[in-house]
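1. got a sequence here, can you build the structure:
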Amino acid sequence: MSAEEALRESEERFRLTIDAAPIGMALVSLDGRFVRVNRAFCEVVGYEPADLTNLTFQDITHPEDLDTDLAPAGQLARGEIPRYQREKRYVRKDGTVVDAMLSASILRSPAGAPLYYIAQIQDITERKRVEKELRDANAFLDAIIENIPLMLFIKESASLRFVRFNRAGEDLLGWPRQSLVGKSDFESWPPEQAEFFVQKDHETIKRGNVVEIDEEPIQTRHQGVRLLRTKKVPILDASGNPLYVLGISEDITERRRIEEERRLLAEVSVALSASLDYEQTLATVTELAVQGVVDWCAIDVMEEHGHIRRLKVASADPGNAALCAVLEQMPPNRALPHPARSVVESRRSFVIEHVTPQYLESVAQGPEHLRALRATGLTSLIAVPLLMRGELLGVLMFGSSNPDRIYRQDDLRWAEPLADRSAVAIENARLYRASVEATQHRDQVLGVVAHDLRNPLSTILMQTAARSRKSNEVVHRAATRMNRLIQDLLDVSLIEMGQLPIQPARLSGGELVVEAVETQKMLATSASVELRLDVGKDVAEVWGQHDRLLQVFENLIGNAIKFTTAGGWITVGAESNDQEVVFWVADSGGGIAPGDIPHVFDRFWQATRGDRRGAGLGLPITKGIVEAHGGRIWVESTLGRGSTFYFSIPRALPTADQPSGVPA
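-> Have a look, this model is predicted:
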């Protein structure tokens, strides 16, 4: 058989093979023209065989796929590759686009020269549609998994190794999900916790339904220990065999914390309403606070003259009882920095998220206090004021010694309401105490009236029987004393109610002092005490009521004469500054003991206990008169070296207007 006959026979066999093939096949010349196509090829591309013999494969290829098709065709013709396979799109005769899988090879001569391209195509439109739907479904599922605000994870049922974590899980745990995928629980968590998780996985697979873990603490990378609530769901194949375990975890740390805070506030409200002994009640508050919300709690209360007293320190650890006792014996020093001092000065809460060693050193009251603070292990701190109608009653402090429990500004949502409830308890206790003291003062007043009015009344009765001129003078003095005592009692009552009437006018500060000294000079002389005057010419005018201010001088000078021995001296003076005129009455008497100074302005208080020298109302009335003028009064004294009482009255303005803060 000749070579030509062999070639024709080969071509005929090839034609028959192409025509009978169940997939689209075509013989394409090296310049791209269709030489032979089968019926299956025509059905895919939508042309008749006669149409295609006048076209090239470039003519029916989608323009966007042409370059990717030409390059491998050239490689195939040059013998660089034996075959290639590509997904491509054809444009059908009716203009529609069909997706096809193209497999191309080369037909060569016996000498190896390329003769034709052999193309095989298969319509993959339906497969592409299904793949797209599957991709869309997977993308939708991925979007749900990635954006759901719960931690989702999937484990392979046989090995129980993680195969997927979502973004919420990655954010919660703090580790990249890639570092967890492929690992087991025993490679990720402590042994005891891993054993618990695996036990729940086996239970889920065995039961074939949802298993719930109500609460489980888990250590995270950046957020410390978090509390999770987890549901584990079995994923089964069509035959009901387990393929995966799906875990859905919700971080309930904040929810549990809020529940604990609400419980604390409820318990505190009950405790605070149970007693009018606020010290005992506030101590109970500290004990409740350390039972679930905080590790440390301390309460400082304000006392007279701005002093702070440490009332109670409590710890969640009973083993810290001795340390609490040490801290209770170390009240804040007003001259040194301290967390309570910051709250006292600003009347505002503050939060220290991270308590550093440097901070502890800055607020320590001394070496012993620093050692005690370090022993607490404080890592975070909250301090809130106890306020009632703008008045500072104390400071409530909460501390954490757990690095995983960091206080932030949102923790004030429970700390400040707790402080508010505590402040109400203090105020209620104070009101109750005031009512008790008022009853006691009433009884004291009755005792004073009975004692101090009985003597002058007896004198009047005896002297009226004598009916002499001298007895008339004695009667007059006794009646005057009775009248003064009654007036003092009335003044005290008005001062207590805040209703002491003041009718101010412009007064010369210097002339006021001179008049006061002249009025009291005879009394001083009779007591053999020298009464001195120390007033410059430039003392400013004040805004006050003449008679009431003379009453202040009368009480202070009379008090000084009473406690200055014969041969001593008393100096009355005044000087002015930009805002006020400061007056003083100094004496050379025996002075006041340091422990007695805080009480000199208390009602019915007597400096000399064994020798009653009056009703004990003069200085309280003096203080009330000065404060009713918008001024202030204080005393400085050294035992054995005399005392000086100071009081200030606001200066009169250049115009006739009343100064701000001075009552009319």
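
2. you'd agree Asp300 is in a strand?
-> Yes: counting by DSSP: H, G, I helix; E, B strand; the rest coil, Asp300 is part of a strand.

3. look up how far Ile382 lies from the spatially most central residue of the chain.
-> Closest to where the C-alpha atoms of the chain average out (Cα atoms, centre = their mean) is Gln409, at 2.5 Å. According to Cβ to Cβ, to the nearest Å, Gln409 stands 10 Å off from Ile382. From N, CA and C alone the C-beta is placed, and that goes for glycine too.

4. so what sits against both of those two?
-> Common neighbours of Gln409 and Ile382, using Cβ atoms under 8 Å, 6 or more residues apart in numbering, are Val351.

5. how many other residues sit next to Thr525?
-> The tally of other residues near Thr525 (other Cβ atoms under 10 Å) stands at 11.

6. and Ser223, helix, strand or coil?
-> Slight slip there: residue 223 is Gln, not Ser. Here Gln223 is recorded as coil under three-state DSSP.

7. residues contacting it?
-> Taking Cβ under 8 Å, 6+ apart, we find Gln223 in contact with 172, 174, 404.

8. quick one: least confident of those?
-> Among the contacts of Gln223, Asp404 carries the weakest pLDDT, at 79.

9. contact partners for the nearest residue to it once chain neighbours are set aside?
-> In this structure, Asp404 finds its nearest non-sequential neighbour in Gly224, 2.7 Å apart by Cβ to Cβ, 6 or more residues apart in numbering. Gly224 makes contact with 402-406 under the criterion Cβ under 8 Å, 6+ apart.

10. show the buried residues in those.
-> Listed as buried from the contacts of Gly224 are 405-406; burial here means 16 or more other Cβ atoms under 10 Å.

11. let me have the contacts of Gly224 in JSON lines, extended by distance to Gly32 and secondary structure.
-> What follows is the contacts of Gly224, written out as JSON lines (distance: Cβ to Cβ, whole Å; DSSP: H, G, I helix; E, B strand; the rest coil):
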{"residue": "Asn402", "distance to Gly32": "77", "secondary structure": "coil"}
{"residue": "Pro403", "distance to Gly32": "74", "secondary structure": "coil"}
{"residue": "Asp404", "distance to Gly32": "72", "secondary structure": "coil"}
{"residue": "Arg405", "distance to Gly32": "75", "secondary structure": "coil"}
{"residue": "Ile406", "distance to Gly32": "72", "secondary structure": "coil"}
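
12. about what we covered before: need the contacts of Gln223 in JSON lines with distance to Val44, can you?
-> Converted to JSON lines, the contacts of Gln223 look like this (distance: Cβ to Cβ, whole Å):
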{"residue": "Leu172", "distance to Val44": "52"}
{"residue": "Gly174", "distance to Val44": "54"}
{"residue": "Asp404", "distance to Val44": "66"}
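
13. strands of the stretch 1-150 of the chain, start to end?
-> Here the stretch 1-150 of the chain has its strands, by DSSP state E, counting those that start in this stretch, at 24-29, 34-37, 84-91, 97-108, 114-123.

14. which SSE is immediately downstream of the helix or strand of the chain with the lowest mean pLDDT?
-> The helix or strand of the chain with the lowest confidence, counting by mean pLDDT, DSSP states H and E, is helix 469-496 at a mean of 61. Next helix or strand after helix 469-496 toward the C-terminus (DSSP states H and E): strand 505-508.

15. paired strands for that following strand, with orientation please.
-> strand 541-544 (antiparallel) (DSSP bridges).
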